[in-house]
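Asker: Provided below for reference: sequence and predicted model.
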Amino acid sequence: MTQVLAISFSLNGKTIVVDVPAHMLLIDLIRDRLGLRGTKRSCDMEVCGACTVLLDGGPISSCTTLAVDVDRREVTTIEGVTPPDGLSPIQEAFVLHGGLQCGFCTPGFIMAVTALFKTTPHPTDAEIRHYLDGNLCRCTGYTKIFEAVKSLAGRQDAA
Amino acid sequence: MLPSPFQFERPSTIADAVRAVGDSGDGMFYAGGTELLLALKMRVIRADRLIDIKGIPGLDCIAVNDINEIEIGARCTHRKISDDSVIREHVPALASLCAEVANIRVRNIGTIGGNLCFGEPHADPPTMLAALNARLVLEGSRGTREIPADDFIRSEMETVREPDELLRVIVFPRPAGPVTYRRFKHGERPSVNVAMAWSLNAGGSTIRSARVRVGALGSRPQPLAAVEDALRNVVVAEARRAIETALPAALDQLEVNADRHGGADYKRHIAGVLLLRNADEAVIAGGSWLK
C-alpha cells in the first residue's frame, strides 16, 4: 500500500498543504500536481540542471528530490523569481546578452544564477564558471550565458 | 522515472533509526539521496523502507576532538565540508575536493557518508580519506565498531557495513604535513585520482612517513606501498626523485580495470602523472603546514 504523507511548505512565498505519496518526486509535485511547468525535466539524473529549484535558497535537482523532503521548508521555482509584469534583472540580462537559444535550460540557469548571487554578489569569472559547471546548455550557448551573468556581478538588484 | 513505492520513516535518534531499518536489507538509511534516489529511480536497487536520518541531531558536526583528531559527521554535505573553517584550516585539500564533487546541486544536498556507503569506485572522498588514515565509526544493533577507511569498501558498490549499521562519523588524525589530491575526469566522476599525505619531522624538512592512495582504478582505493617506503625519512626536497625511482614498479602492482574511462596502461600512466604533480605541490607547501 502506498504511504501518503501530509506536507506543508512554502512555494514561491505561498503556503501549500498537500498529501503526497512517500516516493513522489518534487518535480512531479511541482509540475503535475501544482501545475507550475517552468521547471524542466531533462536528464533526470542530477547532471543537466534543467530541473533546478531552490530549497531554502540553495539549488537542488528537483528530479532527484523527494517531495516529502520539502516539508516545512521554502521552495522557489522559476515562477517565483519572475515578476508579474516583465522580467527580473537576471532574466533581462539573459535576454540582453542573447543567453538563450532554444530556452529549455534557461529556467535552470536562472535559478542557479539566483542562488549564486544570494551567496556571492561579486562573483569572479572563475566563480561564475565553477558555480554553473553543472548546468548544461545543449545549444552550447555558454559564452553568451557567461556574459549575461558577468554583466550582473556587483549589481545591487541582482541579489 | 519514479522509484517503486516505499515506506518513509523519520526517527530522531540513532537507536531508533537502527531499529527502524532492520537487518533484513529491505530498509535503507536515507539522507541526501543523491546516489540512493538515482539507483531507486533506475530500479537497480529496491528498498521497502527509507529511514530518513536528517532528523537525528549531531550527525552533521565538524570538530577537532581532544586528542587532536578531526571528526566529520557522516551527514555533512560536501558543501558544508568545503565551507567549514576547521577543514579549510587543517585539511584544505579536503575542502577543495568537496568543492569539486559532482555539481553545486549535488554538493548542496549530497553527504560524505552517503558517498562512502555507496561504494562507487569512481568517487573522490574514499581515496582521500584512506590517505588521511581515517576511521569510519558505525553504530549498529550489536554496538559500535570502527573500520579503517582502507577496509571499508569491499568491492564495487559493496562495503563492509551491515544493513542496520549507521555510519555516524569519520575520524582522522590532524595532518602533520601537506595533504594533496588530484584527479582526472572527463565525465561526472573521476577516472583516476591520487591522494598523498605526508607526516613531516618537527622542523618540516624531512618526511617521516607518507600515505599514498590511488583510486578509481580498481574496485577500491589502493596503497602505493613502494612509494610510501621510498618516501620514509626522505628530505622534502628529494621527494620527487624518490617517487620517480619507485614509481614504475609501484604502478605495475596496481589492480586496474579497463573501462569506459580508459585502458589499464593509460590509467596507470595518468596515476603516475597525478602523483608527481601532487609531490610538486607538497614540496612547495613543505613545512608551512606545521603549526
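Answerer: Everything's here; your move. Computed from a predicted structure; not experimentally measured.
Asker: pLDDT wise, what is B:I207 at?
Answerer: Per-residue pLDDT puts B:I207 at 97.
Asker: Sorry, slip of the keys, the one I care about is A:R155.
Answerer: 78.
Asker: OK, contacts around the closest residue to it other than its chain neighbours?
Answerer: Nearest residue to A:R155, sequence neighbours excluded (CB to CB, 6 or more residues apart in numbering or on different chains): A:P89, at 6.7 Å. For glycine as for every other residue, the C-beta is placed from the backbone atoms N, C-alpha and C. Listed by CB atoms under 8 Å, 6 or more residues apart in numbering or on different chains, the contact set of A:P89 reads A:L152, A:R155, A:D157, A:A158.
Asker: The second one and A:L87: what is the separation?
Answerer: Looking back up the chat, that one is A:R155. Per CB to CB, to the nearest Å, A:R155 is found 14 Å from A:L87.
Asker: Isn't B:R135 up against B:F172?
Answerer: Yes. Shown here, B:R135 and B:F172 form a contact pair, counting by CB atoms under 8 Å, at 7.1 Å.
Asker: any idea where the strands of chain A begin and end?
Answerer: A:4-11, A:14-21, A:52-55, A:58-61, A:74-76 (DSSP state E).
Asker: now swap in the stretch 101-250 of chain B and tell me
Answerer: Taking DSSP state E, counting those that start in this stretch as the criterion, the stretch 101-250 of chain B carries its strands at B:135-140, B:143-148, B:153-155, B:158-159, B:166-173, B:179-184, B:192-200, B:206-215, B:222-223, B:234-235.
Asker: Figure out which of those is closest to B:V101.
Answerer: When the strands of the stretch 101-250 of chain B are compared by CB to CB, strand B:179-184 sits nearest B:V101, at 10.2 Å.
Asker: Name the residues that touch the closest one?
Answerer: B:91-94, B:96-97, B:100, B:124, B:127-128, B:131-132, B:190-198, B:216, B:270, B:274, B:277-279, B:281-282, B:285.
Asker: again, but for stretch B:39-49
Answerer: For stretch B:39-49, using CB under 8 Å, 6+ apart, the contacting residues are A:23, A:25, A:44-45, A:64, B:1-4, B:6-9, B:20-22, B:26-28, B:36.
Asker: Report the mean confidence score over that stretch.
Answerer: Rounded mean pLDDT across stretch B:39-49 is 95.
Asker: Convert it to CSV, retaining C-alpha atoms only.
Answerer: C-alpha atoms of stretch B:39-49 as CSV (Å, rounded to 0.1, in the frame of the first residue of the first chain):
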residue,chain,number,x,y,z
ALA,B,39,19.5,4.0,-8.1
LEU,B,40,15.9,3.6,-6.9
LYS,B,41,14.7,5.6,-9.9
MET,B,42,16.7,3.4,-12.3
ARG,B,43,15.3,0.4,-10.3
VAL,B,44,18.8,-1.1,-10.0
ILE,B,45,18.1,-1.4,-6.2
ARG,B,46,14.9,-1.7,-4.3
ALA,B,47,14.0,-0.5,-0.8
ASP,B,48,10.8,-1.2,1.0
ARG,B,49,11.5,1.3,3.7
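Asker: Give the buried residues for it.
Answerer: B:A39, B:L40, B:K41, B:A47, B:R49 (16 or more other CB atoms under 10 Å in any protein chain shown).
Asker: With B:R213 as the reference, measure out to the residue lying closest to B:A195 once chain neighbours are set aside.
Answerer: Taking CB to CB, 6+ apart, and ignoring the residues beside it in sequence, B:A195 has B:A131 as its nearest neighbour in space, at 3.7 Å. For B:A131, the distance to B:R213 equals 4 Å [CB to CB].
Asker: dump the residue contacts of the residue in the stretch 151-291 of chain B that chain A sits nearest to.
Answerer: Of all residues in the stretch 151-291 of chain B, B:E188 sits closest to chain A, at 6.0 Å by CB to the nearest CB. Counting by CB under 8 Å, 6+ apart, B:E188 touches A:V47, B:A102.
Asker: now B:L97
Answerer: Neighbours of B:L97 in contact, by CB under 8 Å, 6+ apart: B:S82, B:D124, B:P125, B:M128, B:Y181.
Asker: you'd agree it is in a strand?
Answerer: No. Read with DSSP: H, G, I helix; E, B strand; the rest coil, B:L97 is helix and lies in no strand.
Asker: need the helices for chain A, in chain order.
Answerer: A:26-28, A:78-81, A:89-96, A:106-119, A:125-131, A:142-152 (DSSP state H).
Asker: Next to chain B, which bits of chain A? Give me the list.
Answerer: Residues of chain A lying close to chain B (CB under 8 Å from any CB of the partner chain) are A:2-3, A:5, A:21-25, A:28, A:44-47, A:49, A:52, A:55, A:58-61, A:64-66, A:68-69, A:112, A:115, A:130-131, A:133-135.
Asker: Drop anything exposed from the residues you listed.
Answerer: A:5, A:21-25, A:28, A:44, A:46-47, A:49, A:52, A:55, A:58-61, A:64-66, A:68-69, A:112, A:115, A:130-131, A:134-135.
Asker: most neighbours, which of the contacts of B:L97?
Answerer: Counting neighbours by other CB atoms under 10 Å in any protein chain shown, B:M128 comes out on top of the contacts of B:L97 with 29 neighbours.
Asker: Show me the domain layout of the chain.
Answerer: With no chain named, the answer covers chain A. A:4-80, A:89-154 (automatic domain parsing).
Asker: actually it's chain B I care about, not the one you picked
Answerer: If you go by automatic domain parsing, chain B breaks into B:7-52, B:62-173, B:182-283.
Asker: Distance to A:T120 for those - can I get that in JSON lines?
Answerer: Converted to JSON lines, the domains of chain B look like this (distance: least, CB to CB, whole Å):
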{"stretch": "domain B:7-52", "distance to A:T120": "23"}
{"stretch": "domain B:62-173", "distance to A:T120": "11"}
{"stretch": "domain B:182-283", "distance to A:T120": "24"}
